[in-house]
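1. following is a predicted model, sequence given first.
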Amino acid sequence: MVDWQDPKKIQNEEVLPLHEKRLQTRAEECRRVRKNVAGFYFAFNFLTSAVSQLISDRI
């Protein structure tokens with residue numbers, strides 16, 4: 001809990017949300033990158049399996 005009469009605690013409370021905001025944006029960025037990597041991985045696997053299927057059908 002914050003004692004709003006204490007100016008030092010009020011200053012610290014103003015700094016804290018900025019730090020939390022940075023952590024949230026970092027976490028969101030990591031999730032977005034993870035989704036992108038998963039998507040690329042899925043697409044790569046799909047394409048390689050399709051190509052290998054085509055090659056095996058032609059042989």
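-> Yep, it's here.

2. remind me which residues of this protein are low pLDDT?
-> For the chain, residues meeting the criterion pLDDT under 70 lie at 1-16, 59.

3. can we see that at 80?
-> Residue ranges of the chain with pLDDT under 80: 1-20, 59.

4. which other helices and strands does the stretch of helix or strand Ala43 belongs to contact?
-> In this structure, Ala43 is located in helix 7-58 according to DSSP states H and E. For helix 7-58, not one helix or strand is in contact under the criterion 3 or more Cβ pairs under 8 Å, 6 or more residues apart in numbering; DSSP states H and E. Placement of C-beta: from N, CA and C, glycine included.

5. can you give the distance of that helix from its chain's centre?
-> 3 Å (Cα atoms, centre = their mean, to the nearest Å).

6. any idea how far Ala43 lies from Val37?
-> Separation of Ala43 from Val37 (Cβ to Cβ, to the nearest Å) stands at 11 Å.

7. cool, and Ser56?
-> For Ser56, the distance to Val37 equals 28 Å [Cβ to Cβ].

8. same deal with Asn45?
-> 12 Å.

9. burial of His19, as a residue count?
-> Other residues within reach of His19, judged by other Cβ atoms under 10 Å, total 9.

10. quick one: contacts for Ser52?
-> Listed by Cβ atoms under 8 Å, 6 or more residues apart in numbering, the contact set of Ser52 is empty.

11. distance of Arg26 relative to Arg58?
-> Distance from Arg26 to Arg58, by Cβ to Cβ: 48 Å.

12. looking at those two, which is more packed in?
-> Neighbour totals were compared for Arg26 and Arg58, and Arg26 leads with 10 against 6 (other Cβ under 10 Å).
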